[in-house]
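S.K.: Here is my input; please provide its structure:
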Amino acid sequence: MSVEETELKPAITTPSFPTRRSLLKIGGAAALGAGAWALAACEQSSNTQGTTANAAGESSVLDKWLSTKTAKLGVDLTFPPIQFKDSSGKPTGYQMELTEAMMADLGVTPQYVEIPFGQLFAGLVAGKFDMMGISATILPSRALKGLFSSFPVFYESIVVLLKPGSTVTSASELDGKKIAVLQGSSQEASSKLIYPNATFSPFAQLADAVNEVAAGRADATILSEFDVDTSIQAHQDLKLLAGPPLWVDANTYLMPLGDYKLQAWVNNWLRYNATHQRLVSSWKKWLGPGLQKYHLTTYGVGPGTEPELVTV
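M.R.: Alright, predicted model coming up:
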C-alpha cells in the first residue's frame with residue numbers, strides 16, 4: 001500500500017498553531033488509517049500462499065497433529081536401505097526409523113501417502129499430505145514449493161554405475177555419453193549442468209534407469225551411494241566408477257511453505273538427535289554393510305550441519 005503526499009507550499013499569512021481538538025482529530029484519523037492498513041495486510045496475508053501461519057491467523061500443521069494425533073506424510077518407499085517396506089509391508093530403513101521416532105516423540109500416528117518420488121513435490125503443494133515423510137535434496141527449485149528443514153537428515157554421496165564392458169575410467173569421460181537417471185531427482189538436475197553434452201534418459205523408477213544401463217541402452221547411471229548395493233545385486237556385471245563421489249547432497253524434510261513453527265520443531269528434533277549420535281549410529285546400521293562392500297566414501301550428520309566422514 002502507498003500513500004500519495006501533497007506538496008506543501010510556504011504559507012504567506014502568519015502561521016497558526018493546531019488546537020488540542022485538531023490534534024485529537026488528526027490522531028484519530030491516523031489510528032483509523034493504521035487499523036485499515038493492518039486489516040488489509042491480514043486479508044492479503046490470508047490469501048497469499050506461503051505466508052507464515054501466524055501472519056495469516058492460521059494454525060501450524062504441528063498444531064493439527066497435536067490435536068488430531070495423526071500426521072499425513074508423503075513417501076516413496078522404493079529406496080532401500082533408506083526407505084522401503086519389509087516382508088510384512090511395514091515401512092522401514094534409515095529414513096523411516098527416524099520419521100517413526102519423530103512421530104512417537106509427538107505422540108502422533110503417521111499415515112503414509114505413497115506417491116512416486118518425482119510427484120511428491122506437486123503433492124505437497126496440492127495438499128495431498130501434511131509434510132514429506134522422507135527427505136529430499138535441498139534444490140533451490142524445490143524450496144519454491146515447500147519449506148525445507150534447516151538441519152539435514154542425511155548426506156548422500158553421488159556415484160556412477162557403468163554399463164557392462166564400459167571403457168570409461170574417469171568422470172570427465174561421461175560428457176557426451178547417454179546417461180539414465182531418476183526423473184525429478186537432484187541427480188538429473190545437477191548432471192545436466194556438469195555434462196551439458198550428454199544425452200539424458202529420465203525414468204520414473206530408479207530400477208528402470210539401472211535396467212537401461214544393464215541392457216547397454218545407456219552408458220551410465222548417476223545415483224546415490226545407497227542404491228549401489230541393490231543395483232549390483234540385481235545386475236552383477238555393472239561396473240562402479242572408481243574415485244571420489246561426483247558430489248555430496250544434503251537431504252532433509254520438506255513441509256508447507258511458511259510453516260515456521262513446524263520447521264522450528266523439526267530443526268530442534270534433528271539437532272538434538274544428531275548431538276546424541278542417533279543419526280550417525282542409524283546410518284551405520286542401515287548403510288554400513290552395503291557401503292563397506294564397495295569401499296564407498298560416506299558422510300554422516302554430526303552435531304553441526306556439515307557432513308562428517310564416517311568409517312563403516
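
S.K.: Report the rounded mean pLDDT for the strand or helix carrying residue 193.
M.R.: Here residue 193, judged by DSSP states H and E, is contained in helix 186-194. For helix 186-194, the mean pLDDT works out to 94.

S.K.: need the longest strand for the protein.
M.R.: strand 154-162 (DSSP state E).

S.K.: just the strands in the stretch 1-150 of the chain please.
M.R.: Per DSSP state E, counting those that start in this stretch, the stretch 1-150 of the chain carries strands over the ranges 70-75, 84-85, 91-92, 109-114, 131-132, 136-137, 147-148.

S.K.: so which of these gets nearest residue 225?
M.R.: Among the strands of the stretch 1-150 of the chain, the nearest to residue 225 by C-beta to C-beta is strand 136-137 (13.3 Å). Where you see a C-beta, it was placed from the backbone N, CA and C, and this is true even at glycine.

S.K.: one step back: next SSE after the helix holding residue 193?
M.R.: Per DSSP H and E, helix 186-194 leads on to strand 199-203 as the next helix or strand towards the C-terminus.

S.K.: Measure how that following strand sits relative to helix 186-194, angle-wise.
M.R.: What separates the directions of strand 199-203 and helix 186-194 is an angle of 170 degrees, with axes from the mean of the first three to the mean of the last three C-alpha atoms, to 10 degrees.

S.K.: average pLDDT across strand 199-203?
M.R.: 96.

S.K.: Export the helix or strand following it to PDB, keeping only CA atoms.
M.R.: Where DSSP H and E defines the elements, the next helix or strand beyond strand 199-203 is helix 206-214. Backbone C-alpha positions of helix 206-214 (Å, rounded to 0.1, in the frame of the first residue of the first chain) are rendered in PDB as follows:
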ATOM      1  CA  LEU A 206      15.400 -45.800 -10.400                       C
ATOM      2  CA  ALA A 207      15.300 -49.600 -11.100                       C
ATOM      3  CA  ASP A 208      14.300 -48.800 -14.700                       C
ATOM      4  CA  ALA A 209      17.200 -46.500 -15.100                       C
ATOM      5  CA  VAL A 210      19.600 -49.200 -13.800                       C
ATOM      6  CA  ASN A 211      18.000 -51.700 -16.200                       C
ATOM      7  CA  GLU A 212      18.600 -49.300 -19.100                       C
ATOM      8  CA  VAL A 213      22.300 -49.400 -18.300                       C
ATOM      9  CA  ALA A 214      22.500 -53.100 -17.600                       C
END
